[in-house]
Structures are given as structure tokens and as C-alpha cells.
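In: After the sequence you'll find the predicted model.
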Amino acid sequence: AQKVTQAQTEISVVEKEDVTLDCVYETRDTTYYLFWYKQPPSGELVFLIRRNSFDEQNEISGRYSWNFQKSTSSFNFTITASQVVDSAVYFCALSEVGGATNKLIFGTGTLLAVQP
Amino acid sequence: DTGVSQDPRHKITKRGQNVTFRCDPISEHNRLYWYRQTLGQGPEFLTYFQNEAQLEKSRLLSDRFSAERPKGSFSTLEIQRTEQGDSAMYLCASSESLAGWGQETQYFGPGTRLLVL
């Protein structure tokens, strides 16, 4: 069965610190997609990144970077020089491929609090 | 370019009442999903539409829940005889089917927060 684990429930950092959010997944599929979403206090899930299982290249987008390691089934997310506006709940998700839908399986989220 | 919209944003109801939520997807998106999110948890899949066809329903979707997507545009989610355990955030997402299964990104609406007293 597919599963996503975000072991860090809450992380608190001071502004300008770097922070890494961990995500470990389980799947029997050889083809799958991984996602990160941000959920600010307003509640709307904001898409950050999609990565397919065949592309293990790390990706950087501004202060955000993602490290995908198939060997350890991990897809970690790093924010460099964190800012107060980064405070939110971050969700990692896995998409089933080949079934009837592309429903997302979410982890339980990591609450990031960035203190000024 | 408007995103996914949901209405209402908040709903307070008494146990036993019926409620209906609406989702308007991004206009060119043919796929629509409903998820439920309880406090401290990630969203959980409820149901999925491709155009007007409801192709999958989760076991979470009891007989009291029904969803429709007439004409493949907006969707409604109705909960009959609400229970306190139905209190949650109900999220709608839409996506555009692309060549190659799974290459889509789901974009979420702001959600409807339901409180059943």
C-alpha cells in the first residue's frame, strides 16, 4: 500500500536559518509522482513541486530546493534563509499511477514556524 | 486566470441537518477531486470525476455523502443527516488530463470548513 510519512510534526526556526523538511514514502509502483504543497493559515493548499520517479535530479527554485533519493525513498525539501512568510504547514504527497485515478496520498504535514 | 473556487468558505450546522458545498474548477480542467482534511491530518481522498463521470469513491464516502458534477463543470458535495464526525475542511481540486497518466498537477481551492454542532 502507498504511504507517506512526515516524521517532523513541528519545526521552529529563527528567520534566516536553513530548514529541511523530511518526507519518506512507500509504494510498490515503479512509476509514481511526488509532490510538495504549502498550506498557509488561510487553508488553501499551494502547489510547490512535482517530481516523477524517473527523475532523481535535485531541483532548486529560488530559496527552495528538493532532494529526491529513490534508494532511501525520500523526497526532502529545504528552505534556505527562511522568512516569516514561510510559516505554514507543508505536505508531501504521492500520486498513484495506473489506477483509476491520480488521487494524492498525503503525509500528515510538518508545521513550520519561522520566528522573526 | 481564476483558480479553483469553493462556496461557502465556512458552514456551521446542527447535527442531523443536510449541507451542500459547491466547487468551481479551473475552466479548462476536466478532472475534479474532493478531499477531506481533519485537524492535524493531511487531506484524504473522497471522490473523483472525469468530466461528468464519477469514476472513484473512497470508502470514507458513506451513504450519507453524494457528489455530482453535472455537465462536467462545477461539482457539488452533499452531506445528509450530518454528524459531529463530519466536521472537517472539505477541499476541492482540479487538474487537466495530459498525455501520459499521472503527469497532472492538482490545484486546490480554499476549502469549505464545516462545523457540526
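Out: Looks like it came in fine.

In: Now for chain A, the helix or strand with the poorest mean pLDDT.
Out: strand A:59-61 (a mean of 89; mean pLDDT, DSSP states H and E).

In: lowest confidence element among the helices and strands of chain B?
Out: None of the helices or strands of chain B scores lower by mean pLDDT, DSSP H and E than strand B:53-57, at a mean of 91.

In: Just the CA trace of that strand, in CSV.
Out: Output of strand B:53-57 as CSV, limited to C-alpha atoms (Å, rounded to 0.1, in the frame of the first residue of the first chain):
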residue,chain,number,x,y,z
ALA,B,53,-18.5,10.8,-14.7
GLN,B,54,-17.8,9.9,-11.1
LEU,B,55,-15.1,7.3,-11.5
GLU,B,56,-14.0,6.5,-8.0
LYS,B,57,-15.4,6.8,-4.5
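
In: Show me what that strand is packed against.
Out: Applying 3 or more Cβ pairs under 8 Å, 6 or more residues apart in numbering or on different chains; DSSP states H and E, one finds that strand B:53-57 contacts strand B:44-50, strand B:65-68. Glycine gets a C-beta too; all of them are placed from N, C-alpha and C.

In: thought B:T38 was touching B:A88?
Out: Yes. Counting by Cβ atoms under 8 Å, B:A88 is a contact partner of B:T38 at 4.8 Å.

In: Neighbour count: the two, which is higher?
Out: B:A88 (20 against 13; other Cβ atoms under 10 Å in any protein chain shown).

In: Need the pLDDT of the residue positioned nearest the centre of chain B.
Out: Among the residues of chain B, B:W34 comes closest to the average C-alpha position under Cα atoms, centre = their mean, at 2.8 Å. Looking at B:W34, its pLDDT reads 97.

In: Sounds good, over and out.
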